[in-house]
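Asks: Take a look and give me a structure for this.
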Amino acid sequence: MAGDSPPLEAQNTAPATVASESQTGKPGKRDAFAELLAPKPKQAKHTKDCPSTDPSHKRATGGPRDALGAYIANPGSYPPSIVVYHNDDFVAIHDLFPKSTLHLLLLPRDASKSRLHPFEALEDPVFLGKVKEETKKLRSLAAAELRRRYGKDSAQDKKRQEALNADPPPDELPPGRNWEQEVMCGIHAHPSMNHLHVHVISVDRFSDRLKHKKHYNSFSTPFFVPIDDFPLAQHDVRRHPTREGYLRRDYLCWRCGKDFGNRFSELKVHLEKEFESWRRL
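Replies: Residues are numbered from 1 along each chain as shown. Down below sits the predicted model:
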């Protein structure tokens, strides 16, 4: 991931137990979120998240596509640079091939659901409710991390930063920028990995791991289905991503809408400029 954050401590707790400054509205002596999310040094690898265009929802077993199962089975064996937190029902990890400056995965641990295609698994209303609630918690943590990284340079966070630096700081901070709006949460219509996972990812699409059309379009077209859109209607066209050709579409900038056709190198230069503008909003 991009950034110059210091090393962080491991905490295997659910995110709801962490009282971040953005949640309480009051300044604290330490950044609790910074103890959960860490920049990644050398890490154990899992396979690249390159979306499949196989129209079948069947999940073949074995091989690299099953790599996420190791985190579900034994999350405590991984450092906090990989596993953000875990509880009885979920594991949150850093995507080892991030497609934005912040890219997390939420892995449900329910064995009866984890190997189903998300369209099938998320039809269960009870399970869907649990996934939505946990995604909301992880999104809040992701937003706090974006504020920690970029808040000092954001015009919308200027008054908040000034309040934080006041001596003494006020009892209640200005709300500042709504960083949760800068986080997308959803699934791929054809996941590349066998185990069910929800992407919790910053909107910037600025990463050296974003290398080709499938990488970009899997997060920039209806191939990416927001978790809040579930349950999907049976006639929803997003159930047929291959037929709709989402991954083959021309490159459109996620922010300004400029059409780059198939010119990926031009898009990448443009994305860097958009990132610098976006983080300073």
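
Asks: And stretch 83-92, what's buried?
Replies: By 16 or more other C-beta atoms under 10 Å, the buried positions in stretch 83-92 come out as 83, 84, 85, 86, 87, 90, 91, 92. Where you see a C-beta, it was placed from the backbone N, CA and C, and this is true even at glycine.

Asks: do the same with stretch 167-185
Replies: For stretch 167-185, using 16+ other C-beta under 10 Å, the buried residues are 173, 176, 177, 179, 180, 182, 183, 184, 185.

Asks: Now do the SS call for the first one.
Replies: Each residue gets one of three states, and residue 173 gets coil by DSSP: H, G, I helix; E, B strand; the rest coil.

Asks: That one is in contact with residue 165, isn't it?
Replies: No: between residue 173 and residue 165 there is no contact under C-beta atoms under 8 Å: 11.1 Å.

Asks: all helices for this protein, in order.
Replies: 21-24, 69-73, 118-121, 125-150, 158-164, 213-220, 241-244, 264-279 (DSSP state H).

Asks: Mind putting those into a markdown table with distance to residue 107?
Replies: Listed next are those as a markdown table, based on distance: least, C-beta to C-beta, whole Å:
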| stretch | distance to residue 107 |
| --- | --- |
| helix 21-24 | 23 |
| helix 69-73 | 5 |
| helix 118-121 | 12 |
| helix 125-150 | 10 |
| helix 158-164 | 33 |
| helix 213-220 | 18 |
| helix 241-244 | 22 |
| helix 264-279 | 27 |
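
Asks: Please produce TSV containing the buried residues of stretch 83-92, extended by pLDDT.
Replies: Shown next, in TSV, are the buried residues of stretch 83-92 (pLDDT from 0 to 100):
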residue	pLDDT
83	98
84	97
85	98
86	98
87	98
90	98
91	98
92	98
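
Asks: Strands - which of these land there?
Replies: Counting by DSSP state E, the buried residues of stretch 83-92 place 83, 84, 85, 86, 90, 91, 92 in strands.

Asks: from the residues you listed, which is closest to residue 206?
Replies: Looking at these and their distance to residue 206, the nearest is residue 84, at 20.4 Å (C-beta to C-beta).

Asks: What distance do you get for that closest one to residue 157?
Replies: 23 Å (C-beta to C-beta, to the nearest Å).

Asks: what does residue 120 give?
Replies: In this view, residue 120 and residue 157 are 41 Å apart by C-beta to C-beta.

Asks: between those two, which one's more packed in?
Replies: Neighbour count, other C-beta atoms under 10 Å: between residue 120 and residue 157, residue 157 has more, with 22 against 12.

Asks: mind listing what the more buried one touches?
Replies: 147, 151, 176, 177 (C-beta atoms under 8 Å, 6 or more residues apart in numbering).

Asks: Is the first one in contact with residue 175, as I believe?
Replies: Read that as residue 147. No: look at residue 147 against residue 175 with C-beta under 8 Å: they stay out of range, at 11.1 Å.

Asks: What count of nearby residues applies to residue 73?
Replies: 11.

Asks: all numbers from here: first residue = 381
Replies: Yep, numbering from 381; the last one is residue 453 now.

Asks: contacts for stretch 580-591?
Replies: 381-382, 428, 472, 475, 477-486, 515, 518-519, 522, 526, 562-565, 595-596, 599-600, 634-635, 648, 651-652, 654-655, 658-659.

Asks: switch to 6 Å and redo it
Replies: Contact partners of stretch 580-591, identified using C-beta atoms under 6 Å, 6 or more residues apart in numbering, comprise 477-484, 518-519, 522, 562-565, 634, 651, 655, 658.

Asks: Same check on stretch 651-661?
Replies: With contact meaning C-beta under 6 Å, 6+ apart, stretch 651-661 is reached by 530, 533, 536, 584, 585, 586, 635.

Asks: how about a cut-off of 8 Å?
Replies: Applying C-beta under 8 Å, 6+ apart, the contact partners of stretch 651-661 are 481, 530, 533-536, 557, 562, 583-586, 590, 633-636.

Asks: are any of these buried, and which?
Replies: 481, 530, 534, 557, 562, 583-586, 590, 633-635.

Asks: related to what we said a few turns ago, any idea which of the buried residues of stretch 463-472 is the one closest to residue 492?
Replies: The nearest one, if we look at the buried residues of stretch 463-472 relative to residue 492 and count by C-beta to C-beta, is residue 470, at 14.6 Å.

Asks: do you know how far the closest one is from residue 505?
Replies: 18 Å.

Asks: do the same with residue 571
Replies: Residue 571 is 21 Å from residue 505, by C-beta to C-beta.
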